[in-house]
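J.: how would this look folded up:
(2 chains, ligands or ions: 3)
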Amino acid sequence: MNTITLEVNGHLHTLAVDTRTTLLDALREHLGLTGTKVGCNHGTCGACTVHIEGRRQLACLTLAVAVEGRAITTIEGLAAADGTPHPMQAAFAEHDALQCGYCTPGQIMSAVACVAEGHARSDSEIREYMSGNLCRCGAYPNIVAAVRRVAEDAAVRHVAAA
Amino acid sequence: MQPFTYLRPASLDEALHAASEPGTSVLAGGTTMVDLMRGGLAWPTRLLDISHLPGLADVQTDGPVLRFGALARMADVAENETLQRAYPALVESLQLAASQQLRNAATLGGNILQRTRCPYFRNGVSDCNKRVPGSGCSAVDGEDREMALFGTSESCLANYPGDWGTALAAFDTAVELRSAAGLRTVKFSEFHLPYGEDPAAETVLRPGEIVTAITVRATPAGRASTYLKVRDRQSYAYALVSAAVALEMEGDMVTSARVSLGGVASKPWRSPEAEAALTGRRLSEAVSLEAGEAAFKGAKPRRQNAFKIELGRRVVARAALTAAKRI
Ligand SMILES: Cc1cc2nc3c(=O)[nH]c(=O)nc-3n(C[C@H](O)[C@H](O)[C@H](O)COP(=O)(O)OP(=O)(O)OC[C@H]3O[C@@H](n4cnc5c(N)ncnc54)[C@H](O)[C@@H]3O)c2cc1C
Ligand code: FES
Ligand code: FES
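T.: Ligands and ions are numbered 1, 2, ... in the order given. Alright, predicted model coming up:
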């Protein structure tokens, strides 16, 4: 067992983990943060997408011991302190960008990063840069619409601020 | 997954010292390693996490040699504006690989050390000479649609899956390897081994060695280059066939050509045959298709993968025409 301290959603958690524990298992099994989903556990589906130091990565291919000292954000950490949903969460609801909802936390974490990276400038670019998130329900058209909406709003705010 | 001790060295010297202990494997982005360990395909007793080491992620694009630190992340290098302008084939090979989540974690050094996606190797149970030397190759009488056409043997038909490695093969590339004993540099063309008698041996990397950098000799052919990848689906899949082409031209005359193939060989595969078919010729659609034809002349198809020959012929041709437009 290794004792490690993980910074998740701005809080420090000290936990005893086997070195084999993935970040995904640490979040779900040790910290009770079950918003991050287990899909394939092989890096192929994107359900476990979280942000590590602001970059989207896959929790199922990340060892918990390897991210000690790095800031992690999960879907639970996205809303504002007063509970107001993140604009991407609101856009997914507004555009009906889900059916069963299983892939949705991963989609939203990926989508927030996609916009922040500047890779949401067209529908085809959104499709390409969101291709690491699979949706068994096929909600893709509405997911693209939600991402585009947030990207456009961000662009408008950018122009207004300039 | 077998239990292991996790090590996080503070310096390269410390890492090289620790790497020399038996049972040690390197962890970089982990996108291959964690999966291999979970699947029982790698079983280090000591995992040496080099991802936090300073200084190994630098990328230099000016001067006579491009230098990529082994820990540079695929996603970051894909955004490098100098490379986008001067070496589009390298950038495209990164942009078209994996997904952005994986590219954010995956390093260039780990990338060239990724292992085949052959299902008989990955499933952990089929006969596979790579996994259990001497057990046989299940693909010989099995599903061979994804298997290689070049550099195979009856001992192993597996495919090298990497895109970045395929693009690197079109350039004068070298790999810098460090160990406690010092530095050695290996030509990229000699870094991977074709899967011959001993398919378990895939690279010349020795125990205790760490890849510290990949270098590419600067060339004007970088600008007129492209990486074309054809997949079963539009994105986020390994190549059925891919090709990198880099050209130097005078008018429409090709004065120098580099061509490499992916998805079809046991290692990043340069095609001198396609290069010869382009060099000294005025580039046209017909000439580009001749180059594609030449590239696959020596192919050894099996029952289900012969389609890659016609597909590959067109991929090489299209890549050559695209590269030429970038002069
Ligand atoms: C779902 C999925 C899809 C993918 N799709 C593609 C694709 O389309 N195209 C493509 O090209 N790749 C693809 N990949 C592979 C991916 O690009 C590689 O897994 C990644 O590049 C490996 O880099 P890493 O830093 O994560 O390496 P790690 O997983 O950390 O290491 C990989 C191997 O290299 C060794 N190693 C790593 N760095 C060093 C070093 N500096 N010195 C010595 N040894 C080292 C490790 O010991 C290990 O054996 C995909 C992977 C997944 C999981
Ligand atoms: S659970 Fe991590 S990518 Fe599928
Ligand atoms: S909403 Fe069901 S998997 Fe995407």
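J.: Can you list the low-confidence ranges for the chain?
T.: Chain wasn't specified; assuming chain A. Chain A contains residues with pLDDT under 70 at A:162.
J.: in it, which spans are helices?
T.: Taking DSSP state H as the criterion, chain A contains helices spanning A:23-25, A:87-94, A:104-117, A:123-129, A:140-161.
J.: Let me know the angle separating the last one from helix A:87-94.
T.: Using axes from the mean of the first three to the mean of the last three Cα atoms, to 10 degrees, one finds that helix A:140-161 and helix A:87-94 are set 140 degrees apart in direction.
J.: contacting residues for the residue nearest to the spatial centre of chain A?
T.: The geometric centre of chain A, computed from its C-alpha atoms, lies nearest to residue A:109 (Cα atoms, centre = their mean), at 2.1 Å. Contacts of residue A:109 were listed using Cβ atoms under 8 Å, 6 or more residues apart in numbering or on different chains, and they are A:49-51, A:56, A:73-75, A:78. The way it works is simple: take the backbone N, C-alpha and C, and place the C-beta from them, glycine included.
J.: now swap in residue B:315 and tell me
T.: Counted by Cβ under 8 Å, 6+ apart, residue B:315 has contacts B:228, B:230, B:241-243, B:292.
J.: hang on, the earlier thing: got a list of what the closest residue to the residue nearest to the centre of chain A other than its chain neighbours touches?
T.: Counting by Cβ to Cβ, 6 or more residues apart in numbering or on different chains, residue A:49 is the residue found nearest to residue A:109 once chain neighbours are left out, at 4.4 Å. Under the criterion of Cβ under 8 Å, 6+ apart, the contact partners of residue A:49 comprise A:36, A:56-59, A:105-107, A:109-110, A:132-133, B:101.
J.: same thing but 6 Å
T.: Applying Cβ atoms under 6 Å, 6 or more residues apart in numbering or on different chains to residue A:49 gives the contacts A:56, A:106, A:109-110, B:101.
J.: want to throw those into JSON lines with distance to residue A:11?
T.: Formatted as JSON lines, the contacts of residue A:49 follow (distance: Cβ to Cβ, whole Å):
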{"residue": "A:56", "distance to residue A:11": "20"}
{"residue": "A:106", "distance to residue A:11": "21"}
{"residue": "A:109", "distance to residue A:11": "18"}
{"residue": "A:110", "distance to residue A:11": "23"}
{"residue": "B:101", "distance to residue A:11": "23"}
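J.: hmm, stretch B:211-228 in reach of ligand 1?
T.: Yes. Between stretch B:211-228 and ligand 1, judged by Cβ under 6 Å from any ligand atom, the touching residues are residue B:211.
J.: Turn the contacts of residue B:315 into JSON lines, columns for pLDDT and neighbour count.
T.: Written out in JSON lines, the entries for the contacts of residue B:315 read as follows (pLDDT from 0 to 100; neighbours: other Cβ atoms under 10 Å in any protein chain shown):
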{"residue": "B:228", "pLDDT": "98", "neighbour count": "25"}
{"residue": "B:230", "pLDDT": "98", "neighbour count": "18"}
{"residue": "B:241", "pLDDT": "98", "neighbour count": "26"}
{"residue": "B:242", "pLDDT": "98", "neighbour count": "28"}
{"residue": "B:243", "pLDDT": "98", "neighbour count": "35"}
{"residue": "B:292", "pLDDT": "98", "neighbour count": "26"}
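J.: out of the residues you listed, which are inside strands?
T.: B:228, B:230, B:241-243 (DSSP state E).
J.: For residue A:12, which of the helices of chain A is the nearest?
T.: Each of these has some distance to residue A:12 by Cβ to Cβ; the shortest is helix A:23-25, at 15.3 Å.
J.: and the residue of chain A at minimum distance from chain B, what are its phi and psi?
T.: Closest to chain B within chain A is residue A:132: 2.4 Å, counting by Cβ to the nearest Cβ. The phi and psi torsions at residue A:132 (degrees, to the nearest 10) take the values phi -80, psi 0.
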